[in-house]
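Q: Sequence and predicted structure below; questions after.
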Amino acid sequence: MAKINNSGLRMFLFCVFLGVGLASMATSILAEELLGMYLAKIKLQHVQQTNCQLEKLVTDYEILIGQIEIDPNIVRRLGTINLGAKPNEGNVAYPQATSQQLAAARQAITERIRTTNNIPEIPDWILRCVRPWLRGSLFIAGAGLIIVAFTCLSTPKLTE
């Protein structure tokens, strides 16, 4: 019964040492590719967000062009809004915003944009693994664990 427990413990330790050693060697070898994968994912999400913003702008402009085709007087009203021209209509009240109000609105909008930005960051462990001296030490530690697993924890020779 003791031999079964000893061999079971030996097999468990062999699997742990071999698994950790292989994982550390694979990580050290593939660190640059993992970094490239995360950078590509970040670029892809940034491009997708930019495309969504462009699609929203296109639909907004299409709606605006459709409204201009329906009502040509809208161009005059848009000119007062976009160009800051003084309105000619005497009975209409137009709100005047101060520069402080506009700055506060701009700051609120940029903070909202920053908080809704869902671009993932590169994990710290990948940034650490990319460093050359850490890659080398990770590779050597993994190789050492594999050597220990095969030399010390492999199946013992049967003696008769």
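A: Cool, the structure landed.
Q: tell me the mean pLDDT for the lengthiest helix in the chain?
A: Longest helix in the chain, counting residues (DSSP state H): helix 2-70. For helix 2-70, mean pLDDT rounds to 87.
Q: Ok, stretch 112-125 next?
A: In the prediction, stretch 112-125 has an average pLDDT of 73.
Q: First-to-last residue distance for it?
A: End-to-end span of stretch 112-125 (Cα to Cα, to the nearest Å): 29 Å.
Q: so what does the longest helix of the chain touch, helix or strand wise?
A: Identification of packing neighbours for helix 2-70 by 3 or more Cβ pairs under 8 Å, 6 or more residues apart in numbering; DSSP states H and E yields helix 74-82, helix 124-130, helix 132-152. Yep, even glycine has a C-beta here, placed from its N, CA and C like the rest.
Q: now P120: how far from V47?
A: The gap separating P120 from V47 is 14 Å, by Cβ to Cβ, to the nearest Å.
Q: list the contacts for the spatially most central residue of the chain?
A: For the chain, the residue nearest the mean C-alpha position is P120 (1.8 Å; Cα atoms, centre = their mean). Residues in contact with P120, defined by Cβ atoms under 8 Å, 6 or more residues apart in numbering, are Y38, K41, I42, Q45.
Q: hmm, back to that, give me the angle between the longest helix of the chain and helix 132-152.
A: Interaxial angle, helix 2-70 versus helix 132-152 (axes from the mean of the first three to the mean of the last three Cα atoms, to 10 degrees): 150 degrees.
Q: Quick check: pLDDT value at V148.
A: 88.
Q: buried residues in stretch 22-33?
A: S24, M25, T27, S28, A31 (16 or more other Cβ atoms under 10 Å).
Q: Now do the second one against S137, distance only.
A: Distance, M25 to S137, by Cβ to Cβ: 12 Å.
Q: Which single one of the buried residues of stretch 22-33 is nearest to V16?
A: The nearest member of the buried residues of stretch 22-33 to V16, counting by Cβ to Cβ, is S24 at 12.4 Å.
Q: tell me the contacts of the closest residue to the closest one other than its chain neighbours?
A: Once flanking residues are discounted, S24 sits nearest to G142: 3.4 Å by Cβ to Cβ, 6 or more residues apart in numbering. The contact partners of G142, taken as Cβ under 8 Å, 6+ apart, are V20, G21, L22, A23, S24, M25, A26, S28.
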